[in-house]
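*Asks:* Show me how the following folds:
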Amino acid sequence: MTTGHRITIERSSRHVRVVRGEQVLAESDRPLVLRETGCPERYYIPAEDVRLDLLTPSGTHTYCRFKGTASYWSLPDAADLVWAYPDPKPDVAEIRDHLCFYDVEVM
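*Replies:* Next up is the predicted model:
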């Protein structure tokens, strides 16, 4: 990691839910919370707790030098709404098989 840049990942006991319109896209009692210098706190939800059947893979990919290459999924009315790191860097390996949404409800 670069000096001054830090990423921490821990299991959260919080309940997180992702809703778009009337549709629940994800709901989990076992998210990971990722805290990264200069970024908002993000909840990574296990793939089993995400309605992948409602999402369409996108052609978008982005690269983070700390986490690796992200893949994205969309809804018909919301492009690149969710992302994941299918092959994350070793320092953040825990986020493999987890997806992250821009907007989540945390209870």
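*Asks:* Please make it C-alpha for all contacts and neighbour counts, starting now.
*Replies:* OK.
*Asks:* Tell me where this structure is predicted with low confidence.
*Replies:* Confidence mapping of the chain against pLDDT under 70 gives the ranges 1-3, 107.
*Asks:* Go through the one helix or strand His61 maps to and flag the buried ones.
*Replies:* Secondary structure from DSSP states H and E places His61 in strand 56-64. Using 16 or more other C-alpha atoms under 10 Å as the test for burial, strand 56-64 gives Ser58.
*Asks:* who does that strand pair up with?
*Replies:* Paired strands of strand 56-64, with direction, are strand 68-75 (antiparallel) (DSSP bridges).
*Asks:* Following the partner strand in sequence, what is the next regular element?
*Replies:* strand 78-84.
*Asks:* Partner strands of the following helix or strand past that following strand, with direction?
*Replies:* Using DSSP H and E, the helix or strand that directly follows strand 78-84 along the chain is strand 98-101. The pairing partners recorded for strand 98-101 under DSSP bridges are strand 42-46 (antiparallel), strand 78-84 (antiparallel).
*Asks:* Quick one: residues contacting the closest residue in space to Leu52 that isn't next to it in sequence.
*Replies:* Spatial nearest neighbour of Leu52, excluding adjacent residues (C-alpha to C-alpha, 6 or more residues apart in numbering): Leu25 at 8.0 Å. Residues counted as contacts of Leu25 (C-alpha atoms under 8 Å, 6 or more residues apart in numbering) are 17-19, 50-52, 54.
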